[in-house]
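>>> Here's my sequence, what's the structure:
(one chain, ligands or ions: 1)
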Amino acid sequence: MSAPTSSHAYGVGVIALIIGMSVSVVFYTSFYLPESLAKPSVSDHILHPEKDFIIDIIPGAVIEGNENYVPNNPTVYLTIDNKVIWNNLDDTAHTVTPDHRHSDTYSGDFGSTGVLKPGDSYEFIFTEPQEVHYHCQPHPWMTGSIVVEKSRF
Ligand SMILES: [Cu+2]
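Got it, this is the predicted structure:
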């Protein structure tokens, strides 16, 4: 009676193996693969840089000739301060709108959606070297740019 028992156990083992492999294949193709294809893998140090970089839209920015986006043409560095936050400190609504459509491979399209009301902010994580020129939609004389470079260290 030992022969049927062991062949039965063998059969169960084979079935378990097949089920296990199918589950892995299904998981790989329906969960892992789409996830990894959807977004490029970006280092944690880039997604969580050492500090935020702040650009203030200063009070009075709406008036032509005044300073508006401060600092106006900064360079930020990946892993150091590539997470950039625009704060609207003015008492007028403004936007951060790219001069030409611009996107970051990981973070997608650059630019605030709608206006930033007084006190609102807009943040964007740059994940690759790039340069963006932007302006304020309602006040096109307000312009700024930002350069993103690899960290030197
Ligand atoms: Cu404006």
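
>>> Is Gly60 within a helix or a strand, and which one?
In this structure, Gly60 is located outside every helix and strand according to DSSP states H and E.

>>> swap that for Met21, please
Applying DSSP H and E, one finds Met21 within helix 2-27.

>>> Report all helices and strands that that helix contacts.
On a contact count with 3 or more CB pairs under 8 Å, 6 or more residues apart in numbering; DSSP states H and E, helix 2-27 meets no helix or strand. For the C-beta atoms, the positions are set from N, CA and C on the backbone; glycine is no exception.

>>> Give the buried residues for that helix.
Across helix 2-27, burial judged by 16 or more other CB atoms under 10 Å covers no residue at all.

>>> Same question for stretch 126-138.
So, applying 16+ other CB under 10 Å, buried residues of stretch 126-138: 126-127, 132, 134-137.

>>> can you check stretch 85-105 too?
Under 16+ other CB under 10 Å, the buried positions of stretch 85-105 are 86-88, 90, 92-97, 104.

>>> Quick one: the buried residues of stretch 126-138 as a markdown table, columns for distance to Gly144 too.
Output for those, formatted as a markdown table (distance: CB to CB, whole Å):
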| residue | distance to Gly144 |
| --- | --- |
| Phe126 | 14 |
| Thr127 | 20 |
| Val132 | 9 |
| Tyr134 | 6 |
| His135 | 7 |
| Cys136 | 9 |
| Gln137 | 13 |
